[in-house]
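Enquirer: Sequence and predicted structure, then a few things I'm wondering about:
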Amino acid sequence: VSNPNLPLLSGGTVFEAYSGPIEQSPGSITVSRINTSTQFNNGRDGGPIILEASGDINVSGFLASWSSSVDDAGDGGMISLSSGGNINIPNGGLNSSSLSFVDNGRDGGMISLSSEGNIDIFGSLNSSSFSFLGKAGGNGGIISLSSGGDIGISGNLDSSSSLSSGTVSGESADGGMISL
C-alpha cells in the first residue's frame, strides 16, 4: 500500500504525497503539497494548515490556504509549521491570502514557522489582502518566523493590503506585521 496514512481528499482538502525517495529521521513530516483553499465560494474562508513534528518538516511543493472569489472573499486560512528539526520548502511557497475580483477582500491568514533548526524556503510567503475592483477591506496577515538556526528565503514576504490600480474608489486596510 502506497502512503497508507495520507488521505487523498478530506472535506475538500487535497493532500498529495511526496513521490521521491524518503530519507527522514523519525518524527519528521514529508508532503508534496496541501491545499485547503476556497475558490469562487463567496465569503468562505481558507482552511487552516497545521503541521507539528519532533523532526524535520519537508514540503516539496506548496502550502495553500487562500480564499478567492468573484464577489466577497473569505479570510485566508492560518498556516502553522512547528519543527524540532529543520523546515525545508525547496520548490514552493506558502499562500494564505484573501483575493476578490469584484467586491471585497478580507484578512490574509497568519503564517507562523517555528524551527529549532534551520528554515529554508525557495519561494514566497503571501498573507496579503487584495481586490481588483472593490475594497481590499481586510488586513494583511502576520508573518512570523522563528529559528534556532539560519533563515533563508529566496522569494518575497507579502502581508500587504492593496487595491488594483484600476480601482476608482475603495480603500485598503493595514498591512500585517512581519517578524523574523
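Expert: That came in fine, so what should we check first? Numbering: from 1, shown residues only.
Enquirer: Could you export the helix or strand harbouring Leu81 as PDB, CA atoms only?
Expert: Here Leu81 sits within strand 79-83, counting by DSSP states H and E. Extracted C-alpha coordinates of strand 79-83, given in PDB (Å, rounded to 0.1, in the frame of the first residue of the first chain):
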ATOM      1  CA  ILE A  79      -0.600  28.200   8.100                       C
ATOM      2  CA  SER A  80       1.500  27.000  11.100                       C
ATOM      3  CA  LEU A  81       4.600  24.800  11.000                       C
ATOM      4  CA  SER A  82       6.400  23.800  14.100                       C
ATOM      5  CA  SER A  83       9.500  21.600  13.900                       C
END
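Enquirer: Can you tell me what sits against the helix or strand just after it?
Expert: Next helix or strand after strand 79-83 toward the C-terminus (DSSP H and E): strand 87-89. Defining contact as CB atoms under 8 Å, 6 or more residues apart in numbering, one finds that strand 87-89 is touched by 56-59, 62-63, 81, 113, 115, 117-123. To be clear about C-beta, it is placed using only N, CA and C from the backbone, and glycine gets the same treatment.
Enquirer: Narrow those to those that are buried.
Expert: Listed as buried from the contacts of strand 87-89 are 56-59, 62-63, 81, 113, 115, 117-121, 123; burial here means 16 or more other CB atoms under 10 Å.
Enquirer: farthest-separated two in these?
Expert: Phe62 and Gly117 (21.1 Å; CB to CB).
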